[in-house]
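Student: sequence? don't have it. structure:
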């Protein structure tokens, strides 16, 4: 079980010196064997929350508890070794490092053809065509995104943090993506997404809003909230 | 050959003992072993120190090894090697050099190599420079490589220097003929107080000529590297120069690529990027469970792969 207790995160504007709150007193619980989808408008702090969970950013206040243990001060490496696995919103490119290299670094040992096929076919890629390719600008955005997910599968873990996993992946491949989530049904899966088809796979939906408190609940309860009027921040943009 | 020689040979030319086919092994300024056959003839020069390597026209899938070993200090070895590659030949030339200097005096090897590549011929030239030995004396290389490519010829230069060489100035000059192509892959790693300068001057002379120079370098410690290239397009041609450098600690890389489209039909491109390892690359690898040091090593290993 993953718990966030009174998490706050604020940044200081370099020019004005004004402190801006990105997350304010957020308390949430993500149970084992649960797929949670975090959704909400741009700039509401969804990706920041994922970064705090993985240890990329330290909260200015509050605690992150994993199975009762306080992991707030743990480094990225330590969290990764405890079972935290992340798929980036924007995959990173590497000159000279191949798909095979990254999959092997992810799983921590050499991977045979079967192992690589298993990871890559789960995201709709044929291992034969990809394992020796460099993870650089020669791959399309969609291909990089799939490889990012294949790395998460190769690494394994207990907590999966998937930041907009559908971005750049064609609509026709959504079913494959949903199958990836289904395979992780016994893990703690936290997905940031705006796509209804991804929201439909959730057990639980967490709704972020710039001007409101974060709300969370079962998918069925939350769908009615999502079907309501547009969030305040979106309205104010349009009205201005 | 002693154990130091065998170790250097393995590092610079992947050789385990004496190779098959044509070869010329030079040690401390003298001939150590040679084999010359009818397809690839190796002849000593009469007017200066060096050899002529003559590859007959039409010879296919042949390899030639001409490694050089330097295992003493206070020694400056200069050698002039000329390569005559016959029309239609296809050959791999492995020309590494290893300096083992355990003394406080400098050791230097300067190989002045000139390639005359015939029509439709293909050459893969592999040059690896290695420096070992704990002495304070320098381990220095100042190679000069001149390449003349006739119609439809292809020259692939794979140049590697991955540590131990304290000083180097590498000059590569090429003239590329009609529909001929020059492909260069250079990899350099420097550390400590090492200094490395590479200087390319390529003239794309023939119609349809091509050149692609890709340099990847890593500068650690207090080392300094300078990449210079000057590409001139004198005809309808395509040229591309790419210099990517990673600096670590107090390392310093300077890149000065120059392109000159003398002909309006020439298409020349240069790209250069120098900087630290991107933070997001380290974070990604750390999120896979690597420490920061392991992540840095993985990025460099891939970059220089």
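Tutor: Cool, the structure landed. Worth saying up front: this structure is predicted, and the values here are computed from it rather than measured.

Student: close to chain A: what parts of chain B are there?
Tutor: B:216, B:244, B:278, B:280-281, B:283-292, B:298-299, B:302-305 (C-beta under 8 Å from any C-beta of the partner chain). From N, CA and C alone the C-beta is placed, and that goes for glycine too.

Student: now do the buried residues in stretch A:137-144.
Tutor: Judged by neighbour count (16 or more other C-beta atoms under 10 Å in any protein chain shown), stretch A:137-144 contains these buried residues: A:139, A:143, A:144.

Student: okay, and which of those map to strands?
Tutor: Within those, no residue falls in strands by DSSP state E.

Student: in CSV: those, plus pLDDT and distance to residue A:166.
Tutor: Supplementary listing: the buried residues of stretch A:137-144 in CSV, determined by pLDDT from 0 to 100; distance: C-beta to C-beta, whole Å:
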residue, pLDDT, distance to residue A:166
A:139, 93, 17
A:143, 91, 14
A:144, 93, 14
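
Student: sorry, back to before: what subset of the residues of chain B next to chain A is buried?
Tutor: Members of the residues of chain B next to chain A that pass the buried threshold by neighbour count (16+ other C-beta under 10 Å) are listed as B:216, B:244, B:281, B:283-290, B:298-299, B:302-304.

Student: got a pLDDT number for the closest residue to chain A within the stretch 1-150 of chain B?
Tutor: Going by C-beta to the nearest C-beta, chain A is nearest to residue B:128 of the stretch 1-150 of chain B, at 17.8 Å. Reading off the per-residue confidence, residue B:128 sits at a pLDDT of 93.

Student: how close does it sit to residue B:221?
Tutor: Here the distance between residue B:128 and residue B:221 works out to 21 Å (C-beta to C-beta, to the nearest Å).

Student: likewise residue B:245?
Tutor: To residue B:221, residue B:245 is 14 Å away according to C-beta to C-beta.

Student: looking at those two, which one has more neighbours?
Tutor: Counting neighbours by other C-beta atoms under 10 Å in any protein chain shown for residue B:245 and for residue B:221 shows that residue B:245 has the greater number, 22 against 14.

Student: how far does the strand or helix carrying the more buried one sit from its chain's centre?
Tutor: Secondary-structure assignment from DSSP states H and E places residue B:245 in strand B:237-247. Remark: strand B:237-247 is offset 15 Å from the chain centroid, using C-alpha atoms, centre = their mean, to the nearest Å.

Student: in the following helix or strand past it, what's buried?
Tutor: Note on strand B:237-247: by DSSP H and E, the next helix or strand toward the C-terminus is strand B:252-261. For strand B:252-261, a neighbour-count test (16+ other C-beta under 10 Å) marks B:253, B:255, B:257, B:259, B:261 as buried.

Student: not counting its neighbours along the chain, what's nearest the fourth one?
Tutor: What sits nearest to residue B:259 in space, not counting adjacent residues and going by C-beta to C-beta, 6 or more residues apart in numbering or on different chains, is residue B:268, at 4.0 Å.

Student: now the helix or strand hosting that neighbour: how far from the chain's centre is it?
Tutor: Counting by DSSP H and E, the secondary-structure element that holds residue B:268 is strand B:266-275. When C-alpha coordinates are averaged (C-alpha atoms, centre = their mean), strand B:266-275 and its chain have centres 20 Å apart.

Student: and the next helix or strand past that strand?
Tutor: Following the chain from strand B:266-275 toward its C-terminal end, the next helix or strand by DSSP H and E is helix B:279-286.

Student: now tell me what touches that following helix from outside.
Tutor: By C-beta atoms under 8 Å, 6 or more residues apart in numbering or on different chains, the list of residues contacting helix B:279-286 from outside reads A:56, A:75-77, A:80, A:88, A:92, A:94, A:105, B:292, B:294-296, B:298-299.

Student: among these, name the ones in helices.
Tutor: Where the contacts of helix B:279-286 overlap with helices, as defined by DSSP state H, the overlap consists of A:76, A:77, A:80, A:105, B:292, B:294, B:295, B:296, B:298, B:299.

Student: now, of those residues, which are buried?
Tutor: So, by 16+ other C-beta under 10 Å, the buried ones in those are A:76, A:77, A:80, A:105, B:294, B:295, B:296, B:298, B:299.

Student: ok, residue A:179 to residue A:31 distance?
Tutor: As it turns out, when the distance is counted by C-beta to C-beta, residue A:179 lies 22 Å from residue A:31.

Student: same question, residue B:182
Tutor: From residue B:182 to residue A:31 the distance is 62 Å (C-beta to C-beta).

Student: got the angle for the longest helix seen in chain A vs helix B:279-286?
Tutor: In chain A, with assignment by DSSP H, the single longest helix is helix A:141-155. Helix A:141-155 and helix B:279-286 meet at an angle of 30 degrees, taking axes from the mean of the first three to the mean of the last three C-alpha atoms, to 10 degrees as the criterion.

Student: before we move on, back to that, and the strand holding residue B:268, what does it pack against?
Tutor: Where contact means 3 or more C-beta pairs under 8 Å, 6 or more residues apart in numbering or on different chains; DSSP states H and E, strand B:266-275 is packed against strand B:224-233, strand B:237-247, strand B:252-261.

Student: adding mean pLDDT, write those strands out as CSV.
Tutor: CSV is the format used below for these (pLDDT from 0 to 100):
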stretch, mean pLDDT
strand B:224-233, 97
strand B:237-247, 96
strand B:252-261, 95
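
Student: quick one, which of the ones you listed is nearest to residue B:166?
Tutor: Ranking these by their distance to residue B:166 (criterion: C-beta to C-beta) puts strand B:224-233 first, at 11.5 Å.

Student: quick one: the closest one to chain centroid distance?
Tutor: For strand B:224-233, the gap between its own C-alpha mean and the chain's C-alpha mean amounts to 14 Å (C-alpha atoms, centre = their mean).

Student: repeat for stretch B:175-192
Tutor: Using C-alpha atoms, centre = their mean, we find the averaged C-alpha position of stretch B:175-192 to lie 7 Å away from the chain's own average C-alpha position.

Student: one more: stretch B:200-209?
Tutor: For stretch B:200-209, the distance from its own C-alpha centre to the chain's C-alpha centre is 19 Å (C-alpha atoms, centre = their mean).

Student: distance between the ends of that stretch?
Tutor: Stretch B:200-209 has its terminal residues 17 Å apart, counting by C-alpha to C-alpha, to the nearest Å.

Student: what about that stretch, average pLDDT?
Tutor: Stretch B:200-209 shows a mean pLDDT of 98 in the predicted model.

Student: partners of the strand holding residue B:245 in the sheet?
Tutor: Strand B:237-247 has the following sheet partners, assigned by DSSP bridges: strand B:209-219 (parallel), strand B:266-275 (parallel).

Student: could you dump those strands to CSV with distance to residue B:154?
Tutor: As requested, these are exported to CSV (distance: least, C-beta to C-beta, whole Å):
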stretch, distance to residue B:154
strand B:209-219, 9
strand B:266-275, 19
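
Student: would you mind finding the most buried of these?
Tutor: With neighbours defined by mean count of other C-beta atoms under 10 Å in any protein chain shown, none of the strands paired with strand B:237-247 is more surrounded on average than strand B:209-219, at a mean of 23.

Student: give me the contacts around the helix or strand containing residue B:78.
Tutor: Here residue B:78 sits within strand B:75-85, counting by DSSP H and E. Here strand B:75-85 makes contact (C-beta under 8 Å, 6+ apart) with B:26, B:28-29, B:45, B:48-55, B:66, B:68, B:70, B:91, B:93, B:95, B:106-118, B:121, B:123, B:153.
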